[in-house]
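Novice: The sequence isn't on hand, but the structure is:
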């Protein structure tokens, strides 16, 4: 029964295996880079980057915000896939959420990053790159 199932879906399983390998390689390459780029005081109340409506052309600002949200959404989807495939699923989901804009995002980020295991993992990655640890109020 199982061998028959594997034989019937061998092409799909092959694609699934390659997708798994690609997601693992992408997550290993991109996630540390993103974690290193986070400013160490990002989770302080005073650190909030506000995009001014007068900076640049409004259409370009909207397109860039939309692109950033799309990339964040893709990270979240890949992170969910990596929960069952090899890769750093939870960390990928967190990076995707950090990229996206939604109401309550800042409070959500601080709550997640203040979890001891998450903060320890992020600061371990930053220490390997000789970056100061993230400071959470």
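Specialist: Nice, thanks for sending it over. Here the structure is a predicted model, which means the values were calculated and not measured. Numbering: from 1, shown residues only.
Novice: Could you report the separation of the residue nearest the centre of the chain from residue 124?
Specialist: Centroid-nearest residue in the chain, with C-alpha atoms, centre = their mean: residue 95, separated by 2.0 Å. For residue 95, the distance to residue 124 (C-beta to C-beta, to the nearest Å) stands at 15 Å. C-beta: built from backbone N, CA, C; applies to glycine.
Novice: gap between the lowest-mean-pLDDT helix or strand in the chain and the chain center?
Specialist: The helix or strand of the chain with the lowest confidence, counting by mean pLDDT, DSSP states H and E, is helix 2-8 at a mean of 78. Counting by C-alpha atoms, centre = their mean, to the nearest Å, helix 2-8 is centred 35 Å from the centre of its parent chain.
Novice: Touching that helix from outside, list them.
Specialist: Taking contacts as C-beta atoms under 8 Å, 6 or more residues apart in numbering, the residues outside helix 2-8 that touch it are residue 13.
Novice: Please identify the buried residues of the helix or strand following that helix?
Specialist: Scanning forward in sequence from helix 2-8, with DSSP states H and E defining helices and strands, the next element found is helix 10-37. Applying a neighbour-count criterion of 16 or more other C-beta atoms under 10 Å, one finds 20, 23, 27, 31-32, 34-35 buried in helix 10-37.
Novice: Looking at those, point me to the pair that's furthest apart.
Specialist: Spatial extent of those (C-beta to C-beta) is set by the pair 20 and 35 at 22.2 Å.
Novice: low-confidence ranges in the chain?
Specialist: Across the chain, the ranges flagged by pLDDT under 70 are 45-55, 87.
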